[in-house]
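[1] Predicted model, plus sequence, below.
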Amino acid sequence: MANMKQIAQLAGVSLGTVSHVLNDTAKVREPLRKRVLEAVAAAGYQPSQLARALRRDKTNIIAMVIPDIANPFFPGVVRGAEDVAFANGYRLVLCNTDNDHAKELVHLKALQTYLPSGLIVIPSSFSDLTAQAESYRKAGSAVVCIDRLPRNWNGDAVTIDNAEGTYQATSYLIELGHRHLAAITGPLHLTNATERLKGFKRALREAGLEAGPGYLQETTFDRGGGYAKTKLLLRMLPRPTAILACNDMIALGALVAIREEHLRCPEDISLIGFDGLDLTEVTTPQLSSVYQSPYQLGATAAQLVLDRLADSTCPVRRIVLRTELKIRESVAPPPRSEATAVRMPLKKLRKTRTAKHA
């Protein structure tokens, strides 16, 4: 591949003139500029991004670190971030941590050698990014944390109104007449999992209810965890008539467990997930879920990076995105034998509603 020296020889100009034209570092007379550009086109010259980065201490790269590429929620987040980055002349570099904090640290250390302009992180389990974020900021990179927040996070962030989402879902189940409600949460050291549990408990408390012994189960955010914990719940007496699964992957595992126990959803047990993944529309029954937009989550995070790069002194921003309860086929009133208690007077809720900004 041609280099700048060869371009200078081909155009009959100095190496400095070529550098000024390609890097726009000084004004060059139009005839000379035209000769350089014609030589560049003829030679098929591509400027070295690495060399440019070393000169400017920054690349046009935005690094992104996610915890589980196999989870169908996260590709939508990446797509949103990549679309905004690309539209603004940046390239997205992606790393997957498998929810392993040690692997996360390796990625963060390696990515910093690329001199990225920005960093978007969905933290792994037990992650504390304070030191790493500060290192990136000192190097001039904009850092945004999304979805889950490490303890004591003091930077820009984009999250979901998790508590309001589960509150709306649980309130809807209570209005239908359910009194034996269970919840399967994600790992409670993660902020999104704890917030979702708070919304569930708030709805029960306001209705004068409480979860029975063993009705709150903690697991991983995947189908295997949802399957195992649902098996436990279905063997309890009294058996819960409704389960709030705190993500859709947990809910998919729950559906399998319900079928294996020869029960019907929703006739014997109702089920609501969280995320609103596209695949919930093709399950049998179609899965009710608290919808959030992964695309909007990623796109908003990338825009925060760009805003921070444009003004590094602007105040820290915390953006909380809305959720929407989508009721499909997996929810119904409890079986008649479980619905003999007088229903509490609760405010009528719509089948589809939008959570308030936090």
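    Yep, that arrived.
[2] pretty sure Asn88 contacts Leu306?
    Yes - counting by CB atoms under 8 Å, Leu306 is a contact partner of Asn88 at 5.8 Å. Bear in mind the C-beta positions are built from the backbone N, C-alpha and C, glycine included.
[3] where does the stretch 251-358 of the chain have low pLDDT?
    Scanning the stretch 251-358 of the chain with the threshold set as pLDDT under 70 gives 337-358.
[4] try 80 this time
    Scanning the stretch 251-358 of the chain for pLDDT under 80 picks out the ranges 336-358.
[5] Ser19 should be in a strand, yeah?
    No - the assignment for Ser19 (DSSP: H, G, I helix; E, B strand; the rest coil) gives helix, which keeps it out of a strand.
[6] any idea of the pLDDT on it?
    Per-residue pLDDT puts Ser19 at 81.
[7] swap in the one 3 residues further on?
    Here, the pLDDT recorded for Leu22 equals 79.
[8] Could you do Trp153 as well?
    As predicted, Trp153 sits at a pLDDT of 89.
[9] That one contacts Gln132, doesn't it?
    No - Trp153 lies out of contact with Gln132 (CB under 8 Å); the separation is 11.7 Å.
[10] Show me which of these two is the more surrounded one.
    Between Trp153 and Gln132, counting by other CB atoms under 10 Å, Gln132 is the more crowded of the two (22 against 19).
[11] In contact with the more buried one, which residues?
    By CB atoms under 8 Å, 6 or more residues apart in numbering, the contact list for Gln132 reads Leu105, Leu108.
[12] Sketch out the low-pLDDT regions of the stretch 101-250 of the chain for me.
    Checking the stretch 101-250 of the chain against pLDDT under 80 turns up 126-127, 151.
[13] Mind jotting down where the strands sit in it?
    Listed in chain order, the strands of the stretch 101-250 of the chain (DSSP state E, counting those that start in this stretch) span 118-121, 142-146, 156-160, 181-185, 216-218, 242-245.
[14] Highest mean neighbour count out of the ones you listed?
    Mean neighbours per residue, mean count of other CB atoms under 10 Å, is largest over those for strand 242-245, with a mean of 30.
[15] re the thing from before, mind putting the strands of the stretch 101-250 of the chain into a markdown table with distance to Ala11?
    A markdown table is the format used below for the strands of the stretch 101-250 of the chain (distance: least, CB to CB, whole Å):
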| stretch | distance to Ala11 |
| --- | --- |
| strand 118-121 | 35 |
| strand 142-146 | 37 |
| strand 156-160 | 45 |
| strand 181-185 | 65 |
| strand 216-218 | 67 |
| strand 242-245 | 65 |
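[16] Asn88 and Leu306: who's more crowded?
    Ranked by neighbour count (other CB under 10 Å), Asn88 and Leu306 place Leu306 first, with 18 against 14.
[17] How about Leu216: what's its closest non-neighbour residue?
    Spatial nearest neighbour of Leu216, excluding adjacent residues (CB to CB, 6 or more residues apart in numbering): Ala183 at 5.6 Å.
[18] Name the residues linked to the one you found by a beta bridge.
    Leu216, Leu244 (DSSP bridges).
[19] Do I have it right that it meets Phe200?
    Yes - with contact defined as CB under 8 Å, Ala183 counts as touching Phe200 (4.7 Å).
[20] what residues are shared contacts of those two?
    Applying CB under 8 Å, 6+ apart, one finds that Ala183 and Phe200 are jointly contacted by Thr166, Thr170, Ala211, Leu244.
[21] Just give the nearest non-adjacent residue to Gly298, would you?
    Nearest to Gly298 is Gly80, by CB to CB, 6+ apart, at 3.0 Å.
[22] residues near that neighbour, how many?
    By other CB under 10 Å, the residues close to Gly80 number 21.
[23] what residues are up against it?
    The contact partners of Gly80, by CB under 8 Å, 6+ apart, come to Pro294, Tyr295, Gln296, Leu297, Gly298, Ala299, Thr300, Ala301, Ala302.
[24] could you say what helices and strands whatever helix or strand the last one lives in packs with?
    Read that as Ala302. Per DSSP states H and E, Ala302 falls inside helix 294-310. Here helix 294-310 touches helix 74-87, strand 118-121, strand 142-146, strand 156-160, strand 318-321, going by 3 or more CB pairs under 8 Å, 6 or more residues apart in numbering; DSSP states H and E.
[25] looking at those, which is closest to Tyr45?
    Evaluated over the helices and strands packed on helix 294-310, closeness to Tyr45 peaks at helix 74-87, with 23.0 Å, by CB to CB.
[26] and the next element down the chain from the closest one?
    With elements assigned by DSSP H and E, the helix or strand that comes after helix 74-87 is strand 91-96.
[27] what's the closest non-adjacent residue to the residue nearest the centre of the chain?
    In the chain, the centroid-proximal residue (CA atoms, centre = their mean) is Asp147; its distance is 4.7 Å. Nearest residue to Asp147, sequence neighbours excluded (CB to CB, 6+ apart): Ile122, at 4.7 Å.
[28] again, but for Ala26
    Leaving aside its sequence neighbours, Ala26 sits nearest to His20 (CB to CB, 6+ apart; 4.2 Å).
[29] residues in contact with that neighbour?
    Contacts for His20 (CB under 8 Å, 6+ apart) come out as Ala26, Lys27, Val28.
[30] Roughly how far does it sit from Glu38?
    Distance from His20 to Glu38, counting by CB to CB, to the nearest Å: 16 Å.
[31] for Arg148, same thing?
    As judged by CB to CB, Arg148 and Glu38 stand 52 Å apart.
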